[in-house]
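S.K.: Sequence and predicted structure are below.
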Amino acid sequence: MKENKLKFNSIVIHGGQAPDKAYGAVMPPIYQTSTYAQKSPGEHLGYAYSRSANPTRSALEKSLASIENGEYGLAFASGLAAIDAVLKLLNPGDEVIATNDLYGGSYRLFNRIFEKYGLVFHYVDMQNANTIETLITLKTKLIWLETPTNPMMNIIDIAAVAAMTKKHHLLLAVDNTFASPYLQQPLNLGADIVMHSATKYLGGHSDVVLGALVVNDIDLADKLYFIQNASGAVSGPMDSFLVLRGIKTLHVRMQRHCENGSIIAHYLAEHPKVEKVYWPGFENHPNYSIAKKQMKAFGGMISFIPKGSTYTDAKRIVENLNVFTLAESLGGVESLVGHPASMTHASIPKEEREKVGVVDALIRLSVGIEDVSDLIADLEQALK
């Protein structure tokens, strides 16, 4: 694990970065090339073919490692491509224990793709870390968790789960998309792998799709680099450049996301037409103390249920918002609203969704960095 001398707000700008060697460009250039000239067979300047490595992607991967206080970063074509690479570390018959409140795309990849190849998945409520240990067998190889979870904002104690995985010699992978490295760094808490849909907060501008992994162990990194190259789901140079640019403003954006998120969460909690608000910054949140311990702040993601609401009511509310844009995804500078049951989590069977609280009336907000009074006015008119 790296011992960064700079503070986080400086690391996002300078971490792992240096002026370009060719002309001293401050920002890494976009090396829009598929191949590289060689002086002799196998003799080149460090790059042979852009699926294997590209200077722009390398700059991003160094930055990713730096902001997660890790040693090795890998950039992929999407967050799901990054998860796909992690699961390819496993063999038929291996078992995975995952959060039962899981992003729908992760669930679809697990159940519809990798179950066919002999992997076995168990889903459990990880809010109490002790519930995990009852499912561990000799076949268990990986624990997969999100915290905060999508979309119920449940908090999982990363350090407690890490202690358990170390005891049983298992891999622990943490989807850190909702928090971003600004709010928490799972490797510091004992995780083996941290994953990001860099499409979200790392990119920050809703203009790129990209995934990331960061690890500390060289053997694990080598296995993942092999899978990255062999499977080929790499990020392109333009996409790598856009995420690298986004990372440089991560700290200032996250500060505003968190400030606005707190105000919106408390506004909704006091609104007479709102039944329930899910946000880890409330003191009555079941794992508030854990969130306070492992996160710098509580983020800009909020879910809520309008009072006495049905799917039709929720649909009407999200359609009537004007400043919040009804769209998939999250983490951009603009505020987004989504309906998990029909959008991000539609691939999960209804009975499974509802067991963890993803009911038809649930609405998810990604609170952006606009003026918060405009966001409140928009919510107010839509709730009416």
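M.R.: That came through, no problem.
S.K.: What's the local residue count around residue 133?
M.R.: Per other Cβ atoms under 10 Å, the neighbour tally for residue 133 reads 12. The way it works is simple: take the backbone N, C-alpha and C, and place the C-beta from them, glycine included.
S.K.: what's near enough to touch it?
M.R.: Contacts for residue 133 were tallied using Cβ atoms under 8 Å, 6 or more residues apart in numbering; they are 164, 168.
S.K.: And the strands in the stretch 251-384 of the chain?
M.R.: According to DSSP state E, counting those that start in this stretch, the stretch 251-384 of the chain carries its strands in the segments 274-278, 301-306, 325-326, 336-338, 363-366.
S.K.: Need the winner for burial among these.
M.R.: Greatest average neighbour count among these goes to strand 363-366 (a mean of 26), per mean count of other Cβ atoms under 10 Å.
S.K.: quick one: strands adjacent to that one?
M.R.: With DSSP bridges as the criterion, the sheet partners recorded for strand 363-366 are strand 301-306 (antiparallel), strand 336-338 (antiparallel).
S.K.: where does that strand sit relative to the chain's centre, distance-wise?
M.R.: With Cα atoms, centre = their mean, to the nearest Å as the basis, strand 363-366 stands 16 Å off its chain's centre.
S.K.: Pull the residues that contact it.
M.R.: The contact list for strand 363-366 (Cβ under 8 Å, 6+ apart) reads 151, 264, 300-306, 314, 317-318, 324, 329-332, 335-340, 344.
S.K.: What residues sit buried inside the lowest-mean-pLDDT helix or strand in the chain?
M.R.: Counting by mean pLDDT, DSSP states H and E, the chain has its least confident helix or strand at helix 350-355, which shows a mean of 87. For helix 350-355, the neighbour count (16 or more other Cβ atoms under 10 Å) marks residue 353 as buried.
S.K.: likewise stretch 251-264?
M.R.: Buried-residue list, stretch 251-264, by 16+ other Cβ under 10 Å: 251, 253-254, 256-258, 260-262, 264.
S.K.: between the strands paired with strand 363-366, which one is nearest to residue 371?
M.R.: strand 336-338 (16.3 Å; Cβ to Cβ).
S.K.: average model confidence for that closest one?
M.R.: On average, the pLDDT along strand 336-338 is 97.
S.K.: Report the distance from it to the chain centre.
M.R.: For strand 336-338, the distance to the chain centre is 17 Å (Cα atoms, centre = their mean).
S.K.: Other residues contacting that strand?
M.R.: Applying Cβ under 8 Å, 6+ apart, the set of residues contacting strand 336-338 from outside is 151, 318, 321, 324-330, 344, 363-366, 368.
S.K.: how does this protein divide into domains?
M.R.: Domains of the chain are assigned by automatic domain parsing as 8-247, 251-383.
S.K.: want to try a markdown table for these, with distance to residue 1 as columns?
M.R.: Shown next, in a markdown table, are those (distance: least, Cβ to Cβ, whole Å):
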| stretch | distance to residue 1 |
| --- | --- |
| domain 8-247 | 5 |
| domain 251-383 | 16 |
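S.K.: what sits against the closest residue to residue 374 other than its chain neighbours?
M.R.: Spatial nearest neighbour of residue 374, excluding adjacent residues (Cβ to Cβ, 6 or more residues apart in numbering): residue 323 at 5.4 Å. The contact partners of residue 323, taken as Cβ under 8 Å, 6+ apart, are 335, 370, 374-375, 377-378.
S.K.: Provide a ChimeraX selection command restricted to the buried entries of those residues.
M.R.: Remark: buried members of the contacts of residue 323, expressed as a ChimeraX selection using 16+ other Cβ under 10 Å:
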select :335,370,375,378
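S.K.: possible to save the contacts of residue 323 as TSV with distance to residue 113?
M.R.: TSV is the format used below for the contacts of residue 323 (distance: Cβ to Cβ, whole Å):
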residue	distance to residue 113
335	32
370	38
374	41
375	38
377	43
378	38
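S.K.: out of the contacts of residue 323, who's nearest residue 268?
M.R.: Distance to residue 268 across the contacts of residue 323 (Cβ to Cβ) is lowest for residue 375, with 10.9 Å.
S.K.: in terms of contact, does the closest one touch residue 335 like I think?
M.R.: Yes. Assessed by Cβ atoms under 8 Å, residue 375 is found in contact with residue 335 at 5.8 Å.
S.K.: In this structure, which helix is the longest?
M.R.: In the chain, with assignment by DSSP state H, the single longest helix is helix 250-269.
S.K.: Summarise which helices and strands that helix is packed against.
M.R.: Using 3 or more Cβ pairs under 8 Å, 6 or more residues apart in numbering; DSSP states H and E, the elements in contact with helix 250-269 are helix 8-14, helix 180-183, strand 274-278, strand 301-306, helix 372-383.
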